[in-house]
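Colleague: Pasting a predicted model and its sequence here:
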Amino acid sequence: MSTLRLALRFARRDVRGGLKGFRLLVACLALGVAAIAAAGSLRAAFETALSEQSRTLIGGDLAFAQPAQPPTPEQVALLSSVGAVTAGIEMRGMASLDNNRDRTLVEVKGVDAAYPLVGQVDLSPAQPLAEALALRDGHWGAVADPNLLTRLGLAPGDRLHLGDAELEVRAILVREPDRIANAMGFGPA
């Protein structure tokens, strides 16, 4: 009972000082409640997006990676027995214009005809991915992130060097379904 009396005594002294402190308390409580509600809403939106788009975010049901070596025929057979399989390769390289000027480190992804298994690749100008990557007039095609094109001053129709290969940029990569799975890379994509 003495604790209650002490609390009431402190409350009475605080109220005598005016409502300034009370307003501050109410403002802090409102800010705290708003922060908790915002965090809960963000968490719920994130969980909903993950549950509804998880297959698209990784490009399928399962992503299997082996650094520095292709999958063995046994591994491909095992994965194929479960469902559709697509194969790709990712690496880093130096992209440049003629005479090695304006070089930049890039991440390169090579894909097969089955890519993507889930979702779709959006290009600008709109065209099928296979058409954009096809061999034409002795040059393989490439699609590039807008940041890379800006960095090197390129546009669709221009050519760039990737190692010893000369590629023709045929489209801008607008959306790639499994890009978030590879978001921890560095440099322009």
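Modeller: Looks like it came in fine.

Colleague: list the helices and strands the lengthiest strand in the chain packs on?
Modeller: Ranked by residue count under DSSP state E, the longest strand found in the chain is strand 165-175. Under the contact criterion of 3 or more CB pairs under 8 Å, 6 or more residues apart in numbering; DSSP states H and E, strand 165-175 touches strand 122-124, helix 129-133, strand 139-144, helix 146-152, strand 159-162. Quick note: C-beta positions are derived from backbone N, CA and C, even for glycine.

Colleague: buried set for it?
Modeller: When burial is assessed from 16 or more other CB atoms under 10 Å, strand 165-175 yields the following buried residues: 167, 168, 169, 170, 171, 172, 173.

Colleague: That one pairs with which strands?
Modeller: In the sheet, strand 165-175 lines up against strand 122-124 (antiparallel), strand 139-144 (parallel), strand 159-162 (antiparallel) (DSSP bridges).

Colleague: Go through those strands and pick out the most buried.
Modeller: By mean neighbour count, with neighbours taken as mean count of other CB atoms under 10 Å, strand 139-144 ranks first of these at a mean of 19.

Colleague: hmm, who's touching that strand?
Modeller: Residues outside strand 139-144 that contact it (CB atoms under 8 Å, 6 or more residues apart in numbering) are 121, 123, 129, 131-135, 154, 159-160, 162, 165-173.

Colleague: what's the spacing between it and its chain's center?
Modeller: What separates the centre of strand 139-144 from the centre of its chain is 22 Å, taken as CA atoms, centre = their mean, to the nearest Å.

Colleague: Sounds good, over and out.
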